[in-house]
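J.: only geometry, no sequence info:
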């Protein structure tokens with residue numbers, strides 16, 4: 001699945017958080033441009049405090065939402081972040097997310113060249129902290145991951161956290177694999193069908 005920071009972290013946040021906590025086997029790639037780009041440049045939950053847009057001409061008075069902290073708090077089993085111009089890293093993270101059994105959040109810094117003149121490609125290049133520069137970093141350590149997110153203000157890229165032990169939601173549903181609808185005979189005997197049909201007359 002893919003979306004933007006506006007739909008994933010605003011009106012759709014309830015869906016995002018519950019998909020994370022249930023550990024549904026979904027890879028969710030969020031294009032985070034820190035603004036509502038498709039609706040012509042309004043402040044999003046990811047816009048910085050003081051950010052000026054059509055909806056906040058005096059500057060946003062709200063604090064920026066941290067999707068990585070929220071994902072970790074909700075019990076995410078795969079959390080990664082990348083930059084749209086780092087295709088090698090982004091491709092590797094998407095592949096790892098697709099291979100992960102459970103919910104994978106991949107937040108992607110995706111500068112909006114039309115409506116966001118602050119968080120530009122150059123700005124990200126100057127502010128991003130790539131986890132590859134920390135060879136001792138252990139992405140299986142949840143506490144270390146959360147500390148690194150807070151230490152960098154969420155400006156880090158790479159595989160931040162992965163828990164390979166927790167089962168995905170569909171693996172916990174009794175009989176789901178063996179008795180899915182695709183494997184069941186759903187035909188009704190003619191008398192039952194006619195009885196159901198009679199109820200709607």
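T.: Great, that's in hand. Nothing here was measured: the structure is a model prediction, and the numbers come from that model.

J.: rest of the way, CA atoms for contacts and neighbours
T.: Will do.

J.: okay but residue 121 is in contact with residue 127, surely?
T.: No - the criterion here is CA atoms under 8 Å, and residue 121 misses it with residue 127 at 10.1 Å.

J.: These two - which one has more neighbours?
T.: residue 121 (17 against 13; other CA atoms under 10 Å).

J.: buried set for the longest helix seen in the chain?
T.: Ranked by residue count and defined by DSSP state H, the top helix of the chain is helix 87-99. Neighbour counts over helix 87-99 (16 or more other CA atoms under 10 Å) mark 89-90, 93-94, 96-98 as buried.

J.: What mean pLDDT does the helix or strand following it get?
T.: Remark: after helix 87-99, the chain's next helix or strand is strand 104-109, criterion DSSP states H and E. For strand 104-109, the mean per-residue pLDDT is 97.

J.: Find out how far the helix or strand that strand 104-109 is followed by is from the centre of the chain, if you would.
T.: Next in sequence after strand 104-109, counting helices and strands by DSSP H and E, comes helix 121-127. Here helix 121-127 shows a centroid-to-chain-centroid distance of 22 Å under the convention CA atoms, centre = their mean, to the nearest Å.

J.: what residues does helix 121-127 touch?
T.: Helix 121-127 is contacted by residues 109, 111, 155 when judged by CA atoms under 8 Å, 6 or more residues apart in numbering.

J.: Can you give me the buried ones in it?
T.: 121, 124.

J.: check which helix or strand covers residue 50.
T.: Per DSSP H and E, there is no helix or strand for residue 50.

J.: Could you measure from it over to residue 130?
T.: 26 Å (CA to CA, to the nearest Å).

J.: Rebuild the buried residues of helix 87-99 as JSON lines, extending it with distance to residue 116.
T.: Formatted as JSON lines, these follow (distance: CA to CA, whole Å):
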{"residue": "89", "distance to residue 116": "24"}
{"residue": "90", "distance to residue 116": "22"}
{"residue": "93", "distance to residue 116": "25"}
{"residue": "94", "distance to residue 116": "25"}
{"residue": "96", "distance to residue 116": "30"}
{"residue": "97", "distance to residue 116": "28"}
{"residue": "98", "distance to residue 116": "30"}
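
J.: Residue 167: how many residues sit nearby?
T.: Count around residue 167 with other CA under 10 Å applied: 16.

J.: now the strands: where do they sit in this protein?
T.: 2-4, 27-32, 78-83, 104-109, 129-130, 156-162 (DSSP state E).

J.: Report all helices and strands that the lowest-mean-pLDDT helix or strand in the chain contacts.
T.: Sorting the helices and strands of the chain by mean pLDDT, DSSP states H and E puts helix 5-6 at the bottom, at a mean of 80. When contacts are defined as 3 or more CA pairs under 8 Å, 6 or more residues apart in numbering; DSSP states H and E, helix 5-6 packs onto strand 27-32.

J.: Having no further points to raise, I will conclude here.
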